[in-house]
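Chemist: Pasting the sequence and the predicted coordinates here, then a few questions.
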Amino acid sequence: MCLGIPGQVIRWIDRDPTFAKAEVEFGGVLREVHMACVPEANEGQYVIVHAGIAICIVDEAEAAKTLAEYERMKHFEENGDEVPR
Amino acid sequence: MKYLDEFRDIQAARSLIQRIRQAATRPWVLMDVCGGQTHSLVRSGIEQELIGSVELIHGPGCPVCVTSTQLIDFAVALSLRPQTIVASFGDMIRVPGAGGSLMQARSRGGDLQMVYSPVDAIEFAKTHPDHEVVFFAVGFETTAPATALAVIQAVELNLSNFTIVPAHVRVLPAMEAIMAMPDNRVEGFLAAGHVCSITGFDVYEPFVSKHQVPVVVTGFEPMDLLEGILRSLTLLETSQAVVENCYGRGVQRNGNVSAQSLIDRVYEIDDRDWRGFGTISGGGYRLRSPFVRFDACEKFADVFPREQATETTCRGADVMSGRIKPKQCPAFGTTCTPESPLGAPMVSSEGACAAYHRFDPVSIETP
């Protein structure tokens, strides 16, 4: 029930607060998504969509930070070193 | 898919598993609160990999599993009512009430429509003006804004043939209920990431102060879960009871204010009967008075079941409170299977019993 899928906002369809909708792409598939909870989302940004409604904007800087940490971890492991905490 | 696949990196996962093993001086007991996390943990084999370092027990985080039999029986009765369509999420339709499931009701002539979103039910109400359309509104705080939006749309569209069965539940009171159980063993919580996308994580601070257990907000992909587990163990090993956010890409401290406003506009907090748990104080929502006309329990009070059925053989509540693992239930895999379930945790796509039945045919049990 709590699954949320990240998708990229391609274009806004309706900006009315109650009927806000945008076209969102999920791995090449386009779907209309309700946007009442993320009225500030811009085209090109990623949103997490649950039960047909976007529940938050993906913080891409945070995601990049986490992924950079994984890369650093893998680098240290490949070299047989302990990962600095 | 971007922001999914990168968090399934096997090499990085191995490194995190190693770090978790190094961090644990003894097996700690963590509860994952969300059924989506349970499935990911069992499917990816994380639980087995970490035996000896952490015991993962699975909380009540499946809203379908905790929906009362009374409300299921009500939805079944509504689906059998003339000129009435019950709209429901797919994983709700096979959960048995006392008189069978919605799916079984359909075979007896019940009118049932599966929807992906609560707002889809509004479309049915618009296109079927000669029918009553009732949405079975289950879900945690993650789903409540979508139902609230559907109700507000119904107001603006002046729909008089749309109602909901209000069955939304709140996570934090359930965590309180688990901590109050005398045989509770939980030493730390992996908080449900997408619930926190809505609520934020500062709401856990009083809980953490009161119970002195760490709460780590965790996502759903294997790397998210491993990172949440590592952070929890690090906090436990250093005796720190704090709230930390390991799902920064999806959760902000204060959550989603627009979504909270939608919930607050339409709902107020109420006590709620949780299947297997009994009444949980503040455990759910009811519609605020301006929206009571959208409450199917009021509008169709004539078919509302008077009594709650009691379950005798399903030990789902013991599973959802972490007292037993699914396979410690005598019925598991014998008299209770996904094809012939005794209780909701074996039915729902996010139920812990279903996860073990599907992904863990071997063994993971408590010592």
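Modeler: Thanks, I have the structure now.
Chemist: and residue B:185, how many neighbours?
Modeler: The number of residues packed near residue B:185 is 14, by other Cβ atoms under 10 Å in any protein chain shown. All C-beta spots, glycine's among them, are computed from the backbone N, C-alpha and C.
Chemist: and it, helix, strand or coil?
Modeler: The local conformation at residue B:185, judged by DSSP: H, G, I helix; E, B strand; the rest coil, is coil.
Chemist: Would you agree it is in contact with residue B:325?
Modeler: No - counting by Cβ atoms under 8 Å, residue B:185 does not reach residue B:325; the two are 11.8 Å apart.
Chemist: Start from the N-terminal end of the chain and give the strands.
Modeler: Assuming you mean chain A. A:5-14, A:21-26, A:29-34, A:46-50, A:53-57 (DSSP state E).
Chemist: not what I meant, chain B
Modeler: So, for chain B - with DSSP E - the strands run B:28-32, B:54-58, B:84-88, B:112-114, B:132-139, B:162-168, B:188-192, B:215-218, B:243-245, B:267-274, B:278-287.
Chemist: Switch those strands over to TSV; also include distance to chain A.
Modeler: Putting the strands of chain B into TSV (distance: least, Cβ to the nearest Cβ, whole Å) gives the following:
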stretch	distance to chain A
strand B:28-32	11
strand B:54-58	13
strand B:84-88	12
strand B:112-114	12
strand B:132-139	6
strand B:162-168	11
strand B:188-192	6
strand B:215-218	12
strand B:243-245	9
strand B:267-274	15
strand B:278-287	15
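Chemist: mind putting the ones you listed in CSV, mean neighbour count and mean pLDDT included?
Modeler: Output for the strands of chain B, formatted as CSV (neighbours: other Cβ atoms under 10 Å in any protein chain shown; pLDDT from 0 to 100):
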stretch, mean neighbour count, mean pLDDT
strand B:28-32, 24, 96
strand B:54-58, 24, 92
strand B:84-88, 25, 98
strand B:112-114, 18, 96
strand B:132-139, 28, 97
strand B:162-168, 26, 97
strand B:188-192, 28, 97
strand B:215-218, 28, 98
strand B:243-245, 21, 98
strand B:267-274, 18, 95
strand B:278-287, 18, 95
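Chemist: and these as JSON lines, adding distance to residue B:147?
Modeler: Putting the strands of chain B into JSON lines (distance: least, Cβ to Cβ, whole Å) gives the following:
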{"stretch": "strand B:28-32", "distance to residue B:147": "25"}
{"stretch": "strand B:54-58", "distance to residue B:147": "25"}
{"stretch": "strand B:84-88", "distance to residue B:147": "11"}
{"stretch": "strand B:112-114", "distance to residue B:147": "16"}
{"stretch": "strand B:132-139", "distance to residue B:147": "4"}
{"stretch": "strand B:162-168", "distance to residue B:147": "6"}
{"stretch": "strand B:188-192", "distance to residue B:147": "18"}
{"stretch": "strand B:215-218", "distance to residue B:147": "23"}
{"stretch": "strand B:243-245", "distance to residue B:147": "26"}
{"stretch": "strand B:267-274", "distance to residue B:147": "9"}
{"stretch": "strand B:278-287", "distance to residue B:147": "9"}
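Chemist: hang on, the earlier thing: show me the common contact partners of residue B:185 and residue B:325, please.
Modeler: Common contacts of residue B:185 and residue B:325 (Cβ atoms under 8 Å, 6 or more residues apart in numbering or on different chains): residue B:57.
Chemist: In space, what's closest to whatever residue of the stretch 51-200 of chain B ends up closest to chain A - neighbours in sequence excluded?
Modeler: Here the stretch 51-200 of chain B gets closest to chain A at one residue, residue B:117, 2.6 Å apart by Cβ to the nearest Cβ. Spatial nearest neighbour of residue B:117, chain neighbours left out: residue A:52 (2.6 Å); criterion: Cβ to Cβ, 6 or more residues apart in numbering or on different chains.
Chemist: Just give the number of residues close to residue A:50.
Modeler: Counted with other Cβ under 10 Å, residue A:50 comes out at 24.
Chemist: And the pLDDT for it?
Modeler: The confidence metric pLDDT takes the value 96 at residue A:50.
Chemist: Next, the contact list for it, please.
Modeler: Shown in contact with residue A:50 (Cβ under 8 Å, 6+ apart): A:2-5, B:142-143, B:146, B:194.
Chemist: Nearest to residue B:152 among those?
Modeler: residue B:146 (10.9 Å; Cβ to Cβ).
Chemist: Tell me the confidence at that closest one?
Modeler: On the pLDDT scale, residue B:146 gets 98.
Chemist: list the buried ones in stretch B:169-180?
Modeler: For stretch B:169-180, the neighbour count (16 or more other Cβ atoms under 10 Å in any protein chain shown) marks B:169-178 as buried.
Chemist: how close does residue B:256 get to residue B:79?
Modeler: 33 Å (Cβ to Cβ, to the nearest Å).
Chemist: By mean pLDDT, which helix or strand of the chain comes out lowest?
Modeler: Reading this off chain A. helix A:60-78 (a mean of 85; mean pLDDT, DSSP states H and E).
Chemist: I was thinking of chain B, sorry if that wasn't clear
Modeler: helix B:344-347 (a mean of 80).
Chemist: ok and the residue in the stretch 251-367 of chain B nearest chain A?
Modeler: residue B:259 (4.1 Å).
Chemist: Quick one: work out the angle between the least confident helix or strand of chain A and strand A:5-14.
Modeler: Relative orientation of helix A:60-78 versus strand A:5-14 (axes from the mean of the first three to the mean of the last three Cα atoms, to 10 degrees): 160 degrees.
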